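In: sharing a model that was predicted from the sequence below.
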Amino acid sequence: MKIHIQQLDNSYSDQLIDLILTIQQKEFNVPITIEDQPDLKKIENFYMESGGSFWGAFIEGELVGSIALVKFDEREGAVRKMFVKKEFRGKELNIAQELLEVLISFCRENGIETIYLGTVSILKAAIRFYERNHFLQVKKEDLPARFPLMSADNVFYYLNVNQTV
């Protein structure tokens, strides 16, 4: 299976909403709706205008993964919407890793030095993934003032993109 990663724009909103809400609601029972995530209907405004981006991973034309970057300060960004469809997860395809590497390359090319993210403590595999990729845990109260908090998140990480291999 060949993975194709590309930047996404508003024309991918419906596919993204389907991918993300299915994982959030059905797989992990996170009480979140599309109304809680208006950014998914305004990808270009929300992510790109501030200097971030949104990427999707496709296999044979099907959207199977996503990752986004919100640039919230001159040299800082937040990782958002990191999702891979259940049947496409794992080391064999390495989709999450490829998505993260695309985002980190983008940060380096665009002068973003530190990325932050919030996640939910029940997402154990996600937490292990971030820690394997050298993200360090940070207390909520130590996050940058402008970090865009999501109400569901209760575990936070950061990474200096220039210190990773």
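Out: Thanks, I have it.

In: surely residue 11 forms part of a helix?
Out: Yes. Looking at residue 11 with DSSP: H, G, I helix; E, B strand; the rest coil, it is inside a helix.

In: buried ones in stretch 33-44?
Out: 37, 39, 40, 43 (16 or more other Cβ atoms under 10 Å). (Glycine included, C-beta is placed from N, CA and C.)

In: what ranges does this structure have for its helices?
Out: With DSSP state H as the criterion, the chain has helices at 13-21, 43, 95-109, 124-132.

In: just name the most buried of those.
Out: Most buried of those, by mean neighbour count (mean count of other Cβ atoms under 10 Å): helix 43, with a mean of 22.

In: avg pLDDT for that helix?
Out: Averaging the model's pLDDT scores along helix 43 yields 97.

In: other SSEs contacting the longest strand seen in the chain?
Out: If you go by DSSP state E, the chain has its longest strand at strand 62-73. Helices and strands touching strand 62-73, by 3 or more Cβ pairs under 8 Å, 6 or more residues apart in numbering; DSSP states H and E, are helix 13-21, strand 53-59, strand 76-84, helix 95-109.

In: who's in contact with the shortest one?
Out: The one in question is strand 53-59. The contact list for strand 53-59 (Cβ atoms under 8 Å, 6 or more residues apart in numbering) reads 1-9, 12, 15-16, 43, 47-48, 63-69, 81, 84, 88, 93, 95, 98-99, 102-103, 106.

In: relative to helix 13-21, how tilted is that strand?
Out: 80 degrees (axes from the mean of the first three to the mean of the last three Cα atoms, to 10 degrees).

In: and what of the longest one?
Out: Note on geometry: by the same axes, to 10 degrees, helix 95-109 and helix 13-21 are set 120 degrees apart in direction.

In: contacts for helix 95-109?
Out: Under Cβ under 8 Å, 6+ apart, the answer for helix 95-109 is 3, 5, 53, 55, 57, 64-67, 69, 77, 79, 82, 84, 88-89, 112-113, 115, 129, 133, 159, 161-162, 164.

In: do the same with stretch 14-34
Out: Against stretch 14-34 from outside (Cβ under 8 Å, 6+ apart): 8, 37, 40-41, 43, 54, 56, 63-66, 81, 83, 85-86, 120, 122-123, 152.

In: cheers, nothing more for now.
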